[in-house]
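K.L.:
give the three-dimensional model of this entry:
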Amino acid sequence: MSPLKPDLDLVIEPGQRIGLLGGSFNPAHAGHLHISLQALRRLNLDEVLWLVSPQNPLKPTDGMRPQAERLASAKEMSKGHRIQATDIETRMGTRYTVDTLCALKERYPNVKFVWLMGADNLFQIRRWHNWRMIFRMLPVAIFARPKYSGRAKTSKAARRFARFQVSENRATSLADKRPPAWVFFNTRLDTTSATRIRNRA
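P.N.:
Residues are numbered from 1 along each chain as shown. Below you'll find the model as predicted:
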């Protein structure tokens, strides 16, 4: 089976189950890898894509390293794993997550995508552009994060889509479910912080 859309430098085949982890990766760190490896195993995924954003609209530009540098750190951190780090958002010209997901679904209609994120993002996703559409487009997997998990479970998004939550022991079939469908993983908490890494550097 030949790869789809080689012009985007992504090796994705029809029928694959792909996790999508977006972020600044400023820099990429063990926390990103921890979530991705958990997702590969617990969601029965073929691969995870790290979407290295050109600039998160909700984050300041001050202290943000050039995208090429952040992409390089993501490629180095993901080396040897079933993870592809990419700047596809820049090349597709999308700014918001919801637009990126729409574009990926259009380009790869036969791929089963799952959106991955930490509990910190579930807590504040109400600030994201058209956030409800994200839950309606793709299954979503949320991973515990220090200080945020309790608040995330009672957040506006968690309440809004409460009846579509899937139990952890059924998560291996999440990619096959019709959205909205989401799971919250009470995984081991990884305390790695990109901010602390930058401060130490």
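K.L.:
you'd agree residue 20 is in a strand?
P.N.:
Yes: using DSSP: H, G, I helix; E, B strand; the rest coil, the assignment for residue 20 is a strand.
K.L.:
any idea what it is bridged to?
P.N.:
Residue 20 has these beta-bridge partners by DSSP bridges: residue 49, residue 115.
K.L.:
what's the burial count for it?
P.N.:
When neighbours are counted by other C-beta atoms under 10 Å, residue 20 registers 21. Yep, even glycine has a C-beta here, placed from its N, CA and C like the rest.
K.L.:
now do the same contact list for it.
P.N.:
Listed by C-beta atoms under 8 Å, 6 or more residues apart in numbering, the contact set of residue 20 reads 48, 49, 51, 101, 104, 113, 114, 115, 116, 138.
K.L.:
ok, now with 10 Å
P.N.:
Residue 20 sits next to 39, 48-51, 97, 100-101, 104, 113-117, 138, 140-141 when contact means C-beta atoms under 10 Å, 6 or more residues apart in numbering.
K.L.:
that one and residue 154: what is the separation?
P.N.:
25 Å (C-beta to C-beta, to the nearest Å).
K.L.:
same check, this time on residue 185
P.N.:
Taken as C-beta to C-beta, the span from residue 185 to residue 154 is 17 Å.
K.L.:
and the two? Which one has more around it.
P.N.:
Set residue 185 next to residue 154 and count neighbours by other C-beta under 10 Å: residue 185 wins out with 19 against 9.
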